[in-house]
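Trainee: Let me see the structure of the following:
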Amino acid sequence: MAKIGFIGLGNMGLPMALNLAKAGHDVTGHDIFPAAVAAATAAGLRVDAVGAVDDVDIIITMLPNGKLVLEAYQTILAKAKPGTLLIDSSTIDVASARIAHEQAEAAGMLSADAPVSGGVGGAAAGTLTFMVGGSEDVFAKAQPILAAMGKKIVHCGGAGAGQAAKICNNMILGISMIAVGEAFVLAEKLGLSHQALYDVASTSSGQCWSLTSYCPVPGPVPASPANNAYKPGFAAALMLKDLLLSQEAAASAGATTALGQHATEIFQQFVESGQGGTDFSGIINDIRGKSA
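Mentor: Next comes the predicted model:
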């Protein structure tokens, strides 16, 4: 089994690190926040800043943004042994991901960007989807490690391709959740029950993940956050972060993403209204309020 350093023990990182330990790997974690360190220690994970970087085979980072990833890499690349496999599972901009790859290669390290989909529930259950960017050889080395934390691992291409896939996927997700929310609000105004719309749309051309797995109204999908007062899951602030990354990437690549831009504006207003900690499916309440 591998010796693994895991940097970033937040809501996603800690359960991911614990799943690696459960799979038999020798895991040492690190986080700059005392509350995260306390939670990791209470869960039985060894936490040591030095041990998470020195003399390990693999270092996984799970951090909030590209700036923090690149800052962490300055320390990692100076202290880790040559040939260490670096896996960044943060969701960051494509440009920063490619810089991280370049810096790792220059320092004699192996590098993969491997953002995830599946939320906190998927992290705890070990059912995440990993979207991986990097060489074929690096993917082959990373795949068995990622398999301890997820059920689907997809090699998307070279450096930065994992982040590109994550950004595109979550742009679809943000747009589709708004569409599903609008449909349910319209159905309410037309006197159509939630269950009736769900029964029709879930088995016809309106079917999508936002409807069948994460239905934004209580009832049809018992496990959806709508049945738990919209406690996240996947917070609206994180959806906004991903949508902003999609628009940054679209501007850089010269792509027109009109619906992506409008979805970003809608979630921006939702978060600025104080709902950033609400599950992103709670956008239906914003739509309903504006329709009153």
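Trainee: Could you list the low-pLDDT ranges of the stretch 51-200 of the chain?
Mentor: Low-confidence segments of the stretch 51-200 of the chain, defined by pLDDT under 70: none present.
Trainee: For it, just list every one of the helices.
Mentor: For the stretch 51-200 of the chain, helices defined by DSSP state H, counting those that start in this stretch occupy the ranges 66-79, 94-106, 119-125, 136-146, 161-189, 194-201.
Trainee: Pipe those into JSON lines and attach mean neighbour count and distance to residue 86 per row.
Mentor: Every C-beta, even on glycine, is put in place using the N, C-alpha and C of the backbone. Below are the helices of the stretch 51-200 of the chain laid out as JSON lines (neighbours: other Cβ atoms under 10 Å; distance: least, Cβ to Cβ, whole Å):
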{"stretch": "helix 66-79", "mean neighbour count": "17", "distance to residue 86": "7"}
{"stretch": "helix 94-106", "mean neighbour count": "20", "distance to residue 86": "5"}
{"stretch": "helix 119-125", "mean neighbour count": "19", "distance to residue 86": "20"}
{"stretch": "helix 136-146", "mean neighbour count": "17", "distance to residue 86": "9"}
{"stretch": "helix 161-189", "mean neighbour count": "21", "distance to residue 86": "13"}
{"stretch": "helix 194-201", "mean neighbour count": "16", "distance to residue 86": "43"}
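Trainee: So for residue 283, which of these sits nearest?
Mentor: Taking Cβ to Cβ, helix 161-189 is the member of those nearest to residue 283, at 5.4 Å.
Trainee: so who does the closest residue to residue 234 other than its chain neighbours touch?
Mentor: Using Cβ to Cβ, 6 or more residues apart in numbering and skipping residues adjacent in sequence, the residue nearest residue 234 is residue 119, 4.6 Å away. For residue 119, the contact set (Cβ atoms under 8 Å, 6 or more residues apart in numbering) comprises 232-234.
Trainee: okay, the helices of the stretch 51-200 of the chain in a markdown table with distance to residue 43 next?
Mentor: Converted to a markdown table, the helices of the stretch 51-200 of the chain look like this (distance: least, Cβ to Cβ, whole Å):
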| stretch | distance to residue 43 |
| --- | --- |
| helix 66-79 | 22 |
| helix 94-106 | 28 |
| helix 119-125 | 11 |
| helix 136-146 | 20 |
| helix 161-189 | 26 |
| helix 194-201 | 37 |
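Trainee: Which among those is found nearest to residue 285?
Mentor: Closest among these, using Cβ to Cβ: helix 161-189, at 8.5 Å.
Trainee: What pLDDT does the model give residue 244?
Mentor: Looking at residue 244, its pLDDT reads 98.
Trainee: Run a quick neighbour tally on residue 48.
Mentor: Residues lying near residue 48 (other Cβ atoms under 10 Å) number 13.
Trainee: about what we covered before: and the contacts of residue 119, which is closest to residue 199?
Mentor: residue 233 (23.5 Å).
Trainee: didn't that closest one look like it was pressed against residue 281?
Mentor: Yes. Shown here, residue 233 and residue 281 form a contact pair, counting by Cβ atoms under 8 Å, at 7.4 Å.
Trainee: Tell me who's in contact with the nearest residue to residue 213 once chain neighbours are set aside.
Mentor: Of all residues not flanking residue 213 in the chain, residue 221 sits nearest, at 6.6 Å (Cβ to Cβ, 6+ apart). Going by Cβ under 8 Å, 6+ apart, residue 221 touches 198, 212-215, 227.
Trainee: Which one of those residues sits in the busiest neighbourhood?
Mentor: Result: residue 215 is most packed of the contacts of residue 221 (other Cβ under 10 Å), 26 neighbours.
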